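Asker: coords below, sequence missing:
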């Protein structure tokens, strides 16, 4: 059984600077740019976290442990090998479970490596 744990935080950004640099939150939901210790846009990390949540709700497991290239599942995403990522996850599903291509496309965009390419 999958247990989803969420933690929410209020991100404070500096006046006239829409980016953040905090690292608070649940690691499993953090976007890769948070781990880089660089400034990031809140809306792109929120889309990523929502993608992790949606993935867990639909597939019943987490897409990866952490969004770093040390994680074998996320490494496939970072290498633009979403086919390997999806093949490994879809193989775990019961054969009666069908995931639509449009959902795969949506989740792939939400979990994308590059922040400004997330939809």
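Answerer: Great, that's in hand. Worth saying up front: this structure is predicted, and the values here are computed from it rather than measured.
Asker: hey, where'd the helices end up in this protein?
Answerer: With helices called from DSSP state H, the chain shows them at 32-35, 42-59, 72-78, 82-90, 101-110.
Asker: so of these, which one's packed in deepest?
Answerer: Of all those, helix 32-35 has the most neighbours on average by mean count of other C-beta atoms under 10 Å, namely a mean of 19. All C-beta atoms are positioned from the backbone trio N, CA, C, and that covers glycine.
Asker: Show me what that one is packed against.
Answerer: helix 42-59 (3 or more C-beta pairs under 8 Å, 6 or more residues apart in numbering; DSSP states H and E).
Asker: can you give me the angle the helix it packs on makes with helix 101-110?
Answerer: With axes from the mean of the first three to the mean of the last three C-alpha atoms, to 10 degrees as the basis, helix 42-59 and helix 101-110 are set at 140 degrees to each other.
Asker: what sits up against helix 42-59?
Answerer: For helix 42-59, the external contacting residues (C-beta atoms under 8 Å, 6 or more residues apart in numbering) are 2, 4, 6, 11, 13, 18-20, 25, 28-34, 62-63, 67, 89, 92-93, 99, 103, 106-107, 109-112, 115-116, 118-119.
Asker: before we move on, what about stretch 102-119?
Answerer: Residues contacting stretch 102-119 (C-beta under 8 Å, 6+ apart): 31-33, 40-41, 44-45, 47-48, 50-52, 54-55, 58, 63, 77-78, 80, 82, 86.
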